[in-house]
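[1] Based on what follows, work out the 3D shape:
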Amino acid sequence: MDVFWTTRKPLTVRETLELLNTDRTPPLAYTTVLTVMSRLAEKGALIRTAQGRGHTYAPAAEDEAALAVQGVLRTYGDAAVSHFLDQAATDPALRERLRALMKKDS
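    Numbers count the residues shown, from 1 in each chain. Below is the predicted model of the structure:
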């Protein structure tokens, strides 16, 4: 995932393989990288887009934290949001951090 977050552009399996194999001994096999990228796409961590006879892949989230939040929301949905709000209601420091973040994004 770091390769995608660093390059900030969609990559083919071949491009990803080349980046991963920079200074790597022994090098990873094409089929290994293809398998891992396919599984990450199936799990929602990568977005797979058809391009010609192959695909390009891009991260489904901007960083590891965003990916974790997406996973929690996908798995637990409204229950996760409800528990988060309950936590914020009893934690003044968390409420203040949320206010600051909301002002920052406005």
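
[2] How is the chain partitioned into domains?
    According to automatic domain parsing, the chain comprises the domains 2-59, 64-105.

[3] ends of the first one, how far apart?
    Taking CA to CA, to the nearest Å, the span from the opening residue of domain 2-59 to its closing residue is 10 Å.

[4] Local confidence estimate at Gln106?
    Residue 106: Ser, not Gln. pLDDT, the model's per-residue confidence, is 68 for Ser106.

[5] Same list (the domains of the chain) but as TSV, adding mean neighbour count.
    Where you see a C-beta, it was placed from the backbone N, CA and C, and this is true even at glycine. As requested, those are exported to TSV (neighbours: other CB atoms under 10 Å):
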stretch	mean neighbour count
domain 2-59	14
domain 64-105	11
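
[6] which of those domains has the lowest average pLDDT?
    Among the domains of the chain, domain 64-105 carries the lowest mean pLDDT (a mean of 91).

[7] Now do that one: distance to the chain's middle.
    17 Å (CA atoms, centre = their mean, to the nearest Å).

[8] try stretch 3-22
    Counting by CA atoms, centre = their mean, stretch 3-22 comes out at 14 Å from the chain centroid.

[9] Pull up the distance across it, start to finish.
    Rule used - CA to CA; the end-to-end distance of stretch 3-22 is 11 Å.

[10] Surely Leu85 is in a helix?
    Yes: Leu85: assigned to a helix according to DSSP: H, G, I helix; E, B strand; the rest coil.

[11] Kindly provide the distance from it to Lys103.
    19 Å (CB to CB, to the nearest Å).
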